[in-house]
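Got a sequence here, can you build the structure:
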Amino acid sequence: MLTTEEDLTTEEDPSAEKGPSTEEDPSTRQSPSTTTGRCLALVALLCAALMALHALVPNTALNLGSLFQTLLPWAGLAVPVLLALAAVRRSRLAAVSVLAPALVWAALFAPTLTDKRSTGDGLTVLGHNVDEANRDPAGTARALAGAEADVLALVELSEESTPVYERELAAAYPHHTVLGGVGLWSRYRLTAVEEVEIMPWTRAMRATADTPEGPVAVYAAHLASVRVSGAGFTTGRRNEAARVLAAAVRAEPAPRVVVLGDFNGTYQDGALAPVTSQLRSAQREAGDGFGFTWPAGFPVVRIDDVLVKGMTPLASWTLPATGSDHRPVAATLRL
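As a prediction, this is how the structure comes out:
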């Protein structure tokens, strides 16, 4: 067959060099699963870093540092959530990364989950925010008396409820004193009673309990309330009250001190460090679990506590709910 010149010029040469291909190499393409796995791994590492460095989370924006520290035990919920997402995406990288927040949470709170209570004689103290809206103060008083503590510190007393507590607790506690919304009831004589002016109205007091093992300075305190709102976690008045209370504790001449009450913040909240840096939490040293106290129906935070110095906590526990929105806290202390 004859071939024309035009045919020769238009016929494709199999050996001719081809230009670079514009198609993407499938081997370099990332699947959505791989991308999601890496994102989950980053989130897991961020959670671990936040928990490990919780004390450094600043309060400059909306007091988020205090809010995060208050809810810190619940940060562990990120672990099962991230693990479940890693399983759904079948990402081994994400699953392994979840170990980081799990280990940090365990390092922070595993000791809290162990039972550190011991037996022995000592001074048993009990603190309770009785709630001024409590509809059954008599029932609450009887429940507190039934706990058989040596000293009671009650806060959020009202003009209407105070006579009820005085009447119901008189038989078990021959010594008591009430200043404003706070009061102390004791089996032992109370002396050197005075207000601690942490607020414009009376929210804290101190007294000396003359126990058989010697005097103990007892404080009942109710720090200012906090709120979560559009302005963030409002803690200014509480933090100022904490600083005043801390100054009183620092100036306290008695070597043995116990502070009971509603701190409207947890022991790990850095804003309460002026107080907590001087005192030890009985629950952390001699409790079993977190000992959450609020809200009473389903407690999620421990904002009520027993803080001590110069004494050794033997046991610490949370009592069943009363008519209050807080649960009572108690501890036995070796003097």
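
quick one: low-confidence ranges for the stretch 51-200 of the chain?
Counting by pLDDT under 70, not a single residue of the stretch 51-200 of the chain qualifies.

those helices in it, which residues are they?
Along the stretch 51-200 of the chain, the segments classed as helices by DSSP state H, counting those that start in this stretch run 64-70, 78-89, 92-97, 99-113, 137-146, 162-169.

Show the secondary-structure elements that the first one is packed against.
Think helix 64-70. With contacts taken as 3 or more Cβ pairs under 8 Å, 6 or more residues apart in numbering; DSSP states H and E, helix 64-70 sits against strand 232-234. All C-beta spots, glycine's among them, are computed from the backbone N, C-alpha and C.

List the buried residues of the following helix or strand past the strand it packs on.
With elements assigned by DSSP states H and E, the helix or strand that comes after strand 232-234 is helix 236-251. Neighbour counts over helix 236-251 (16 or more other Cβ atoms under 10 Å) mark 237, 238, 239, 241, 242, 244, 245, 246, 248, 249 as buried.

so the third one sits right up against residue 270, yeah?
No. Contact criterion Cβ atoms under 8 Å: residue 239 and residue 270 do not qualify, at 10.1 Å.

And residue 315, how far from residue 258?
As judged by Cβ to Cβ, to the nearest Å, residue 315 and residue 258 stand 14 Å apart.

Between the two, point out the one with more neighbours.
Comparing residue 315 with residue 258 by neighbour count (other Cβ atoms under 10 Å), the higher total belongs to residue 258, at 27 against 23.

Relative to the particular helix or strand that has the more buried one in it, what are the paired strands and their orientations?
According to DSSP H and E, residue 258 maps onto strand 257-262. Paired strands of strand 257-262, with direction, are strand 214-222 (parallel), strand 304-309 (antiparallel) (DSSP bridges).

after it comes which helix or strand?
Remark: after strand 257-262, the chain's next helix or strand is helix 273-276, criterion DSSP H and E.

which helices and strands does that next one pack with?
In terms of contacts (3+ Cβ pairs under 8 Å, 6+ apart), helix 273-276 is packed against helix 236-251.

Specify the angle between the helix it packs on and strand 304-309 in degrees.
Relative orientation of helix 236-251 versus strand 304-309 (axes from the mean of the first three to the mean of the last three Cα atoms, to 10 degrees): 30 degrees.

thinking again about what came up before, for the strands paired with strand 257-262, which one ends up most surrounded?
Across these, averaging neighbours per residue (mean count of other Cβ atoms under 10 Å) puts strand 304-309 on top, at a mean of 25.

Check what contacts the next helix or strand after that strand and list those residues.
Downstream of strand 304-309, the first helix or strand assigned by DSSP H and E is strand 312-318. Contacts with strand 312-318, where a contact means Cβ atoms under 8 Å, 6 or more residues apart in numbering, come from 117-120, 122, 280-283, 285-288, 291-293, 299, 306, 327-334.

got it, and stretch 52-72?
50-51, 75, 104, 108, 228, 231-235, 265-266, 268-271, 300-301, 303.

let's go with 6 Å and repeat that
104, 232, 233, 235, 266, 268, 269, 270, 271, 301 (Cβ atoms under 6 Å, 6 or more residues apart in numbering).

Drop anything exposed from these.
Going by neighbour count (16+ other Cβ under 10 Å), the contacts of stretch 52-72 have 104, 233, 235, 266, 268, 269, 270, 271, 301 buried.

Among those residues, find the lowest-pLDDT one for me.
Within those, pLDDT reaches its minimum at residue 233, with 86.

Identify the residues contacting that one.
With Cβ under 6 Å, 6+ apart, residue 233 has these contacts: 63, 66, 67.

Please report how far the nearest residue to residue 275 once chain neighbours are set aside lies from residue 207.
Among residues not flanking residue 275 along the chain, residue 246 sits closest, at 4.7 Å (Cβ to Cβ, 6 or more residues apart in numbering). Using Cβ to Cβ, residue 246 is found at 19 Å from residue 207.

before we move on, the earlier item: got the buried ones among the contacts of stretch 52-72 as a markdown table, with distance to residue 158 columns?
A markdown table is the format used below for these (distance: Cβ to Cβ, whole Å):
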| residue | distance to residue 158 |
| --- | --- |
| 104 | 43 |
| 233 | 27 |
| 235 | 25 |
| 266 | 26 |
| 268 | 31 |
| 269 | 27 |
| 270 | 32 |
| 271 | 28 |
| 301 | 24 |
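
how many neighbours does residue 295 have?
There are 14 residues near residue 295, going by other Cβ under 10 Å.

So it is in contact with residue 325, correct?
Yes. Residue 295 lies in contact with residue 325 (Cβ atoms under 6 Å); the separation is 5.4 Å.

Let me see the contact set for residue 75.
Residues near residue 75 by Cβ under 6 Å, 6+ apart: residue 51.
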